[in-house]
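Engineer: next come a sequence and a model predicted from it.
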Amino acid sequence: MPADLLRRHVPLHRLNSFGLPAHADWLAVINAPAQLTALMRQPEWRYLQRFVLGGGSNLVLTGDFAGLVLQVKIAGRERVAEETDAWIVRAGAGENWHAFVCWTLECGWPGLENLALIPGTVGAAPIQNIGAYGLEMAERFHQLEAVDLETGESVMFDSPACQFGYRDSVFKREAAGRYLITAVTFRLPKRWQPVTRYADLARELETRRIAQPTARQIANAVVAIRSRKLPDPACIGNAGSFFKNPLVDAATFSHLAVRYPNLPHYPQPDGRIKLAAGWLIEHCGWKGQNRGPVGVYEHQALVLINRGGARGADVLRLARAIQETVWAEFGVELEPEPVVL
Ligand code: NAP
């Protein structure tokens, strides 16, 4: 592997959107699947502890990493087929997600517009089945290509094999750390229907006096809402939503609804009720609060931010304090969304 693609003692603070300080013993930039296969054939790399890094936008670094970071930069995007009811579009795992969404829209292939401006790479999207404004990536997913880091073999995953769930997939559970995703293929519907049921999005379109939005107009509205509510990681370090929205059973919800009549809640197909983690956190008084160099974003209580000079331990300390107060107030457990390394 060329020396410029394999580096030693590499600082990671610019490679994670929280801006947390840490070093990796080794970092390899992966531009093509073949590079990875060649690297994994060499025993000295194959048996080293590994971590796959995309955009670093869903990551809390708690210290130095004594192993090999694989930074995925595999580029490329293409339409691979046109079927009677869909366009089949493929992108390299290292492509920036938002740029990819914009490209599909410019090409006239709608379907990903609600997921505009989500930070991170295409390859990271299936791992947590990214979702926003009533749409999950799984609804547009066709298949993905990956390299098995244990065997060095290329493997293909279809949707059932990915076991997509709410902000979840097999890559966060049984297969965690085993595969490096190299490309993702999407199925974008020709008979497209706008998804505008989320209140923020419906309001934004109404304000813009758009009754029958195009996909591009939905993307523009989503970009405007997200830009207002979420901090730009280039200016304020953060990892997006820090906690998943908790799901509670109907009995738990009934008890809570008596005490908190305004509690936002969303019934799920499986009978459970989704609560808004941001509302629970805000209700506990955390919005805009600081704990040393970290804080809770003043415009969105679900986002923890680096106010400057924070370390991973500061983030985890604040996250634990929030979990404790939400548990004490509501008896609801909040589960962090980012990967902690
Ligand atoms: P919001 O509009 O303040 O609503 C709070 C939560 O309630 C959302 O997280 C959403 O759950 C849920 N919700 C709202 N309307 C709903 C509906 N009509 N049906 C079902 N559930 C509904 O949310 P927000 O924090 O500004 O986020 C807006 C969207 O962007 C959400 O979908 C959110 O997941 C997504 N987002 C994700 C991240 C991330 O880092 N993962 C960061 C920012 C925003 P869901 O989360 O299940 O949609």
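Structural biologist: All right, it came through fine.

Engineer: from here on, contacts and neighbour counts on C-alpha atoms
Structural biologist: OK.

Engineer: residue ranges with poor pLDDT in this protein?
Structural biologist: Filtered on pLDDT under 70, the chain yields the residue ranges 1-4.

Engineer: how near is the residue nearest to Asn290 when sequence neighbours are not counted to Trp286?
Structural biologist: Spatially, and ignoring its direct neighbours in sequence, Asn290 is nearest to Val296 (6.4 Å; CA to CA, 6 or more residues apart in numbering). Separation of Val296 from Trp286 (CA to CA, to the nearest Å): 6 Å.

Engineer: gap between the most far-flung residue of the chain relative to its centre and Leu15?
Structural biologist: Seen from the C-alpha centroid of the chain, the residue lying at the greatest distance (CA atoms, centre = their mean) is Val258, 33.7 Å away. Applying CA to CA, the value for Val258 to Leu15 is 45 Å.

Engineer: which SSE is Ala319 in?
Structural biologist: Using DSSP states H and E, Ala319 maps to helix 312-330.

Engineer: in the stretch 51-200 of the chain, which residue sits closest to the ligand?
Structural biologist: Nearest residue of the stretch 51-200 of the chain to the ligand: Ala132, at 3.2 Å (CA to the nearest ligand atom).

Engineer: tell me the contacts of that residue?
Structural biologist: Each residue near Ala132 by CA atoms under 8 Å, 6 or more residues apart in numbering is listed here: Asn114, Leu115.

Engineer: backbone dihedrals for it, please?
Structural biologist: Phi and psi for Ala132, reported as degrees, to the nearest 10, are phi -170, psi 150.

Engineer: ok, what's across the strand from it?
Structural biologist: For Ala132, the beta-bridge partners under DSSP bridges are Leu135.

Engineer: only alpha carbons, please: show stretch 325-334 as CSV.
Structural biologist: Below are the C-alpha coordinates for stretch 325-334, written out as CSV (Å, rounded to 0.1, in the frame of the first residue of the first chain):
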residue,chain,number,x,y,z
THR,A,325,-32.6,13.1,35.1
VAL,A,326,-34.9,11.8,32.3
TRP,A,327,-35.0,8.4,34.1
ALA,A,328,-35.8,10.1,37.4
GLU,A,329,-38.5,12.3,35.9
PHE,A,330,-40.2,9.9,33.4
GLY,A,331,-38.9,6.4,34.2
VAL,A,332,-37.8,6.3,30.5
GLU,A,333,-34.3,5.1,29.5
LEU,A,334,-32.5,7.1,26.8
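
Engineer: residues in contact with it?
Structural biologist: Phe243, Lys244, Asn245, Pro246, Val248, Leu256, Ala277, Leu280, Ile281, Cys284, Gln323.

Engineer: list the buried residues for that stretch?
Structural biologist: For stretch 325-334, burial by neighbour count (16 or more other CA atoms under 10 Å) applies to Thr325, Val326, Val332, Glu333, Leu334.

Engineer: where does Ile88 land in three-state SS?
Structural biologist: Secondary structure for Ile88, judged by DSSP: H, G, I helix; E, B strand; the rest coil, is strand.

Engineer: same question for Leu117.
Structural biologist: Leu117 is classified as coil under three-state DSSP.

Engineer: for Phe186, same thing?
Structural biologist: strand.

Engineer: residues contacting it?
Structural biologist: Ile88, Val89, Arg90, Arg140, Phe141, His142, Gln143.

Engineer: Gly165 bridge partners, please.
Structural biologist: According to DSSP bridges, beta-bridge pairing links Gly165 with Asp168.

Engineer: interface residues of the stretch 101-250 of the chain facing the ligand?
Structural biologist: In this structure, the stretch 101-250 of the chain approaches the ligand at residues Gly131, Ala132, Tyr133, Gly134, Arg197, Tyr198, Ala199, Asp200, Gly240, Ser241, judged by CA under 6 Å from any ligand atom.

Engineer: out of the residues you listed, which comes closest to Gly120?
Structural biologist: Gly240 (10.3 Å; CA to CA).

Engineer: so what's the residue count around the nearest residue to Pro267 once chain neighbours are set aside?
Structural biologist: Leaving aside its sequence neighbours, Pro267 sits nearest to Ile273 (CA to CA, 6+ apart; 4.4 Å). Ile273: 21 surrounding residues under other CA atoms under 10 Å.

Engineer: quick check, Ile273 in contact with Ser254.
Structural biologist: No: Ile273 lies out of contact with Ser254 (CA atoms under 8 Å); the separation is 10.0 Å.
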